[in-house]
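**Q** Pasting the sequence and the predicted coordinates here, then a few questions.
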Amino acid sequence: MSQHAGQVEPQSRPFLGPGRSAQPAPPAKGKAEAAIVVGAADDVFPLAARRALASLNKEAARQRRAQRAEQSRRRKAKRTVAVDSSRAKTSTEALRICVQQLKWREFPTGRHLFCDIYWHGVSFHDGEVSCSSQVNKYPGMMEMTRKINFSRAVRTMQELFPDEYKFYPRSWILPEEYQHFVDQVRLSKENDSSWKPTFIVKPDGGSQGDGIYLIKDSSDIRIMSSLHSKPAVVQEYISKPFLIDRLKFDIRLYVLLKSIDPLEIYIAKDGLSRFCTEPYQEPNSRNFHRVFMHLTNYSLNVHSGNFVHSDSANTGSKRTFSSILAKLSLRGYDVKKVWSDIITLVIRAIIALIPELKVYHQIYIPPGKPGPTCFQILGFDILLMKNLKPVLLEVNANPSMRIEHEQEIAPGVFEYVPSPVDEEVKVAVIRDTLRLVDPTLKKNISQTQSTEYSAENDGEDTTESDAQSKAEASSGAVQNWPPLCLKQVFPKYTRQFSYLLIVERIALLFIRFLGIKGTLKLGPTGFRTFIRTCKLSNSNLPMASVDILYIDIARRWNIIRGDRGESGMCLQAFMDAIFHMAQRRYKSQPLRQQVEALVNFCEYQLEALDEKHFLHNRTPDLKPSLTMIHPERPRSGAVSNVHLLNRMSTSNRLLTSSLPVSMDKQHVKSMNRRGIS
């Protein structure tokens with residue numbers, strides 16, 4: 001006990017036996033000083049001081065962990081990215097320059113070990129690719145950008161959104177729609193005698209202007225009998241283009257499709273303007289054959305005696321698009337409006353491609369299984385009309401990235417010489433594409449971009465270049481690159497375009513019921529399962545009618561596509577069936593509202609089924625109380641409609657890796673806003 005009143009009795013010591021007093025245990029070797037301090041603190045320091053000392057010890061431990069993490073990150077950042085350029089073809093020289101600038105390692109003849117990035121010159125299937133690598137092609141992109149397939153994809157969107165897809169000229173597919181083309185032209189002329197159109201015929205598999213010609217009447221189409229072996233697209237010709245120096249020109253813009261799930265699109269801030277080499281005149285019977293006047297293809301005009309090779313970006317037969325915009329600005333035109341219209345065109349065109357691309361993607365890179373990550377640079381050929389409205393001519397899956405041009409050094413003898421204009425634009429596009437897909441920065445970039453999107457919502461001005469710079473800086477690598485030449489336009493502008501994703505939602509339904517892995521076509525069993533699961537069969541559409549509908553539509557599309565020996569329903573045929581059932585079910589509404597109502601109904605039925613399976617597999621005390629949204633009520637945006645495909649029954653599960661994780665949270669928020677508990 002204490003001898004003085006008011007003093008606190010010291011804490012009792014444990015009894016250690018006769019003749020022995022309690023002594024502190026000897027500290028462990030290497031920690032003697034820390035142990036003495038801690039022991040002293042227990043006996044002498046008050047509680048507040050001991051807590052402060054413990055806090056200091058925790059902070060020191062945290063700093064040590066941070067130092068170890070930083071050292072580990074720097075070791076990873078030192079890893080050199082390996083690029084396989086053995087199949088790069090026309091991109092070889094530009095790619096080599098970019099790899100050298102980035103101080104990466106190029107393997108021009110391939111490598112026994114797998115590389116980080118594979119650069120293919122033609123298609124996804126050019127060569128073997130590691131499951132953990134990246135490849136610059138998407139499966140199915142080459143097929144979808146062919147003139148006929150792309151025209152069909154855009155036409156589907158034009159049926160639903162006619163005003164939004166006016167940027168693509170009216171098209172007919174030959175030979176299957178030849179009679180329809182003849183009838184429409186005749187009817188239009190009867191209704192408007194002053195209408196004197198010109199049409200341009202483009203072979204489906206043509207490139208570099210090969211086989212393209214102009215016609216004034218349907219009877220002028222050449223060799224109709226040969227069209228069965230060489231299908232083509234005939235389009236309305238833009239007879240009043242915007243001219244510079246009395247010459248017609250088009251714009252080649254480079255677009256990076258960085259991801260299709262989630263959709264991520266970048267547009268190069270500069271491109272190329274390719275000029276014709278003869279002064280333009282509106283087409284007539286005397287100048288139809290003058291390709292140097294009407295066709296802007298570089299591969300054609302380079303052989304003209306008037307073609308001008310120039311080292312300046314502002315002159316010559318090939319210039320930078322930025323030089324054209326500068327000239328337009330000096331003339332008082334609204335350049336920002338031109339850019340805005342072009343960005344809108346690009347986003348809408350890619351949205352038209354995405355549904356079919358997702359079907360191809362889930363076949364060749366099945367979700368849940370190891371596979372490469374894809375990205376791709378596309379070439380958009382755009383023409384400005386006289387009122388500066390952009391018109392999409394075509395999309396190229398394999399735009400030439402050559403940075404040399406042909407020059408005649410002797411009569412009939414050509415060689416490739418450097419092209420400063422091509423190098424200025426194309427090297428920047430490839431280099432910044434590689435920067436965006438850099439595997440050593442992948443995690444850092446995604447973290448920075450998520451911060452960027454939230455900052456944008458808060459009104460802060462954070463750009464893609466800032467995000468990229470932060471990611472590169474956080475990697476520990478010292479870079480002195482200029483700002484990115486690639487501008488992100490999606491998901492940046494998601495709100496403006498999300499309503500166009502209804503066809504993608506149809507594609508997700510199609511993918512869910514495909515059944516057999518590795519197929520592009522839905523069988524009759526899968527279609528019947530879709531009808532039953534979504535409860536679309538009723539007195540107006542009995543199952544017998546469903547079978548007839550399937551047979552008729554599948555057979556017609558197999559004939560259209562030339563798949564006479566194959567059975568099954570392709571995605572286009574499935575969408576045709578959806579349109580037919582929507583029109584039959586909701587007769588008094590426009591087509592877009594009919595289709596959206598039917599898709600909402602199908603998604604509601606699938607959601608109810610999935611929730612039932614989901615709750616059945618959970619313990620009773622964890623089952624939440626859910627209230628379903630009305631099946632045919634319009635929903636706010638595409639995001640809230642996709643999440644219901646996330647949870648599938650184990651017997652028929654959707655490819656969930658194609659759905660963003662955040663969508664469930666967004667759907668819950670949307671339900672809360674409606675007052676649903």
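**A** That came in fine, so what should we check first? Numbers count the residues shown, from 1 in each chain.
**Q** Show the model's pLDDT score for residue 316.
**A** At residue 316, the pLDDT value in this model is 92.
**Q** Report the spatially nearest residue to it, omitting neighbours in sequence.
**A** With Cβ to Cβ, 6 or more residues apart in numbering as the measure, residue 310 is the residue that lies nearest to residue 316, at 2.8 Å, once sequence neighbours are left out. All C-beta atoms are positioned from the backbone trio N, CA, C, and that covers glycine.
**Q** what number of residues lie near the one you found?
**A** 14 (other Cβ atoms under 10 Å).
**Q** correct me, but it touches residue 323?
**A** No: contact between residue 310 and residue 323 fails when scored by Cβ atoms under 8 Å: they sit 10.8 Å apart.
**Q** returning to what we had before: list the contacts for the residue nearest to residue 316?
**A** Residue 310 makes contact with 316-319, 421, according to Cβ atoms under 8 Å, 6 or more residues apart in numbering.
**Q** Could you report the distance from residue 252 to residue 62?
**A** Here the distance between residue 252 and residue 62 works out to 53 Å (Cβ to Cβ, to the nearest Å).
**Q** still on that earlier bit, now compare the contacts of residue 310 and name the two farthest from each other.
**A** Spanning the widest gap among the contacts of residue 310 are 317 and 421, at 10.0 Å by Cβ to Cβ.
**Q** Just the endpoints, please. Distance across stretch 386-399?
**A** According to Cα to Cα, to the nearest Å, stretch 386-399 extends 26 Å from its N-terminal end residue to its C-terminal end residue.
**Q** residues of it that come out buried?
**A** Neighbour counts using 16 or more other Cβ atoms under 10 Å place 389-399 of stretch 386-399 among the buried residues.
**Q** Looking at these, which one is closest to residue 587?
**A** For these, the closest approach to residue 587 (Cβ to Cβ) belongs to residue 392, at 33.8 Å.
**Q** Does the closest one belong to a helix, a strand or coil?
**A** Secondary structure for residue 392, judged by DSSP: H, G, I helix; E, B strand; the rest coil, is strand.
**Q** residues touching it, list them.
**A** 167-168, 345, 349, 380-382.
**Q** So which of the residues you listed wins on neighbours?
**A** Counting by other Cβ under 10 Å, residue 380 has the largest number of neighbours within the contacts of residue 392, with 25 neighbours.
**Q** That one contacts residue 349, correct?
**A** Yes: the pair residue 380 and residue 349 passes the contact test of Cβ under 8 Å, sitting 7.3 Å apart.
**Q** who touches both of those two?
**A** With contacts defined as Cβ under 8 Å, 6+ apart, the residues adjacent to both residue 380 and residue 349 are 392, 395.
**Q** average pLDDT across stretch 377-387?
**A** pLDDT averaged over stretch 377-387 gives 97.
**Q** now swap in stretch 509-528 and tell me
**A** Stretch 509-528 comes out at a mean pLDDT of 87.
**Q** likewise stretch 615-625?
**A** Stretch 615-625 comes out with an average pLDDT of 57.
**Q** Which one of the contacts of residue 310 is nearest to residue 242?
**A** Of all the contacts of residue 310, the one with the least separation from residue 242 (Cβ to Cβ) is residue 319, at 14.3 Å.
**Q** quick one, phi psi at that closest one?
**A** For residue 319, the backbone dihedrals (degrees, to the nearest 10) come out as phi -130, psi 170.
**Q** same check, this time on residue 236
**A** Residue 236 has phi and psi values of phi -70, psi 130 when expressed as degrees, to the nearest 10.
**Q** For it, grab the count of nearby residues.
**A** Close neighbours of residue 236, defined as other Cβ under 10 Å, add up to 15.
**Q** Now, the contacts of residue 392 that are in strands?
**A** Secondary structure from DSSP state E places 380-382 of the contacts of residue 392 in strands.
**Q** low pLDDT regions in the chain?
**A** Scanning the chain with the threshold set as pLDDT under 70 gives 1-45, 72-78, 222-229, 442-479, 516-517, 564-565, 618-677.
**Q** Regarding it, what is its longest strand?
**A** The chain, longest strand under DSSP E: strand 247-260.
**Q** contacts for the helix or strand just after that strand?
**A** Later in the chain than strand 247-260, the nearest helix or strand by DSSP states H and E is strand 263-268. When contacts are defined by Cβ under 8 Å, 6+ apart, strand 263-268 is touched by residues 253-258, 342-343, 346-347, 350-351, 354, 425, 428-429, 436, 464, 485-491.
**Q** Pull up the pairing partners for the next helix or strand after strand 263-268, direction included.
**A** Past strand 263-268, further along toward the C-terminus, the next helix or strand under DSSP H and E is strand 272-275. Looking at strand 272-275 with DSSP bridges, its paired strands and their directions are strand 247-260 (antiparallel), strand 318-320 (antiparallel).
**Q** any idea where the helices of the stretch 351-500 of the chain begin and end?
**A** If DSSP state H, counting those that start in this stretch is used as the criterion, the helices of the stretch 351-500 of the chain fall at 420-437, 442-457, 464-474, 494-497.
**Q** okay, the angle between the longest one and strand 247-260?
**A** Think helix 420-437. Helix 420-437 runs at 10 degrees relative to strand 247-260, counting by axes from the mean of the first three to the mean of the last three Cα atoms, to 10 degrees.
**Q** helices and strands around helix 420-437, which ones?
**A** The contact analysis (3 or more Cβ pairs under 8 Å, 6 or more residues apart in numbering; DSSP states H and E) places helix 420-437 against helix 92-102, strand 247-260, strand 263-268, strand 272-275, strand 318-320, strand 376-384, helix 464-474, strand 486-490.
**Q** can you give me the strands in the stretch 101-250 of the chain?
**A** Along the stretch 101-250 of the chain, the stretches classed as strands by DSSP state E, counting those that start in this stretch are 105-107, 117-120, 134-135, 171-174, 199-203, 213-215, 232-236, 243-244, 247-260.
**Q** by contact count, what packs against the first one?
**A** Same thing as strand 105-107. strand 82-87, helix 92-102.
**Q** Please repeat the previous calculation with a cut-off of 6 Å.
**A** Packed against strand 105-107, as judged by 3 or more Cβ pairs under 6 Å, 6 or more residues apart in numbering; DSSP states H and E, are the following elements: strand 82-87.
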